[in-house]
Every structure is written in structure tokens, then in C-alpha cells.
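Engineer: give me a model of this one.
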Amino acid sequence: MDAKRYKGLWAPEEFRRRLKDDPASLKKICNGVGSETSWTYHLTPDTIWGLDITPASDIHDYMYTEPAAFASDAEALAWKNKADRVFLNNMIRLFEQAEKQSWWARRVAGLRRHRAKLYFEALQNFGGSAFWEGKNKPSELGKAA
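Structural biologist: Predicted coordinates:
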């Protein structure tokens with residue numbers, strides 16, 4: 001994984017550390033846009049109007065995976081919502097980087113933002129199963145909900 005692809009994007013410090021020190025561990029987590037457990041995985045493109053959004057997706061995948069446990073359901077859901085917002089914001093950052101370099105990117109800017117918002121809304125409404133994959137909900141373990 002090339003650290004240059006993530007320049008200008010927000011990511012948790014642990015993601016940055018692993019990207020530098022142990023990129024192979026991230027490759028196990030990061031799989032592009034969509035959840036491999038969903039039938040829609042192969043239907044969801046890794047590009048939006050020709051721009052690769054995989055770096056934003058990689059950070060989102062990491063945030064859905066780490067941390068693996070939370071003190072409460074509310075804390076977990078707050079983290080999921082943060083991860084979804086980070087994905088949207090990082091896609092917009094990728095768009096803005098492209099817009100500085102390309103007239104085409106400026107031309108399709110609105111279309112890209114519209115699609116990014118659709119991805120965000122899909123995550124908010126349907127991303128729960130991917131987020132909870134491999135995790136125990138604190139409320140199911142008798143901890144505070």
C-alpha cells in the first residue's frame with residue numbers, strides 16, 4: 001500500500017502507523033468499496049466518474065474493523081457514524097485534489113458529490129451488518145447499551 005495515495009486524507013493515527021510499519025496487515029482489512037459479505041460487493045465500483053476512491057474506502061474499512069470492541073452500543077454507533085462521515089469527507093477531499101489538476105474533474109464535480117452522498121446514505125442505512133461483522137454488541141454481552 002502506497003502511503004502517497006492517502007495524502008491529504010484524514011485517518012486515525014493507528015492507520016497511519018500501520019501504513020508505515022505494517023502495510024500487509026492493512027491489506028487484510030482493506031478491500032475497496034463495499035463489503036465482501038454483501039452480494040452488492042462486486043456491483044459497487046471503486047471509482048466515481050473515473051476517479052479511484054479506494055484510499056477513502058481503505059480508511060473506512062479500517063475504521064469499521066478497529067477497534068474491535070466498544071464499551072457500549074452507543075459508543076459503537078457513534079464510531080460507525082464517524083467512520084461514515086470520514087468516508088464522505090475523504091471522498092470530497094479526493095475530488096478537490098482532482099479538481100485542482102483537471103478540467104474534467106471540475107466538470108463532473110457535482111455528479112461526483114451526488115454519488116458520494118448516495119454512498120454515504122447507503123452506509124448510514126445499510127452498513128450496520130458490515131460494521132458489526134466479527135464484533136459482539138455490548139448489549140448482547142450484558143454491558144450497558
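Engineer: mind listing what's buried along the lengthiest helix in the chain?
Structural biologist: When the chain is parsed with DSSP state H, its longest helix is helix 73-101. Along helix 73-101, the positions that meet the burial threshold by neighbour count (16 or more other CB atoms under 10 Å) are 73, 76, 79-80, 83-84, 86-88, 90-95, 98-99. Yep, even glycine has a C-beta here, placed from its N, CA and C like the rest.
Engineer: beyond it, next helix or strand please.
Structural biologist: Downstream of helix 73-101, the next assigned helix or strand under DSSP states H and E is helix 103-107.
Engineer: just how off-centre is that next one within its chain?
Structural biologist: 24 Å (CA atoms, centre = their mean, to the nearest Å).
Engineer: list the helices and strands that helix packs on?
Structural biologist: Where contact means 3 or more CB pairs under 8 Å, 6 or more residues apart in numbering; DSSP states H and E, helix 103-107 is packed against helix 73-101.
Engineer: just checking, what packs against the longest helix of the chain?
Structural biologist: Here helix 73-101 is seen to pack against strand 51-52, helix 54-65, helix 103-107, helix 109-126, helix 128-132 when contacts are counted using 3+ CB pairs under 8 Å, 6+ apart.
Engineer: could you redo the last one with a cut-off of 6 Å?
Structural biologist: Packing contacts for helix 73-101, counted by 3 or more CB pairs under 6 Å, 6 or more residues apart in numbering; DSSP states H and E, involve helix 54-65, helix 103-107, helix 109-126.
Engineer: give me the distance from the first one to the chain's centre.
Structural biologist: Looking back up the chat, that one is helix 54-65. The mean C-alpha position of helix 54-65 is separated from the chain mean by 4 Å, CA atoms, centre = their mean.
Engineer: quick one, that helix and helix 73-101 angle?
Structural biologist: Angle, helix 54-65 to helix 73-101, by axes from the mean of the first three to the mean of the last three CA atoms, to 10 degrees: 170 degrees.
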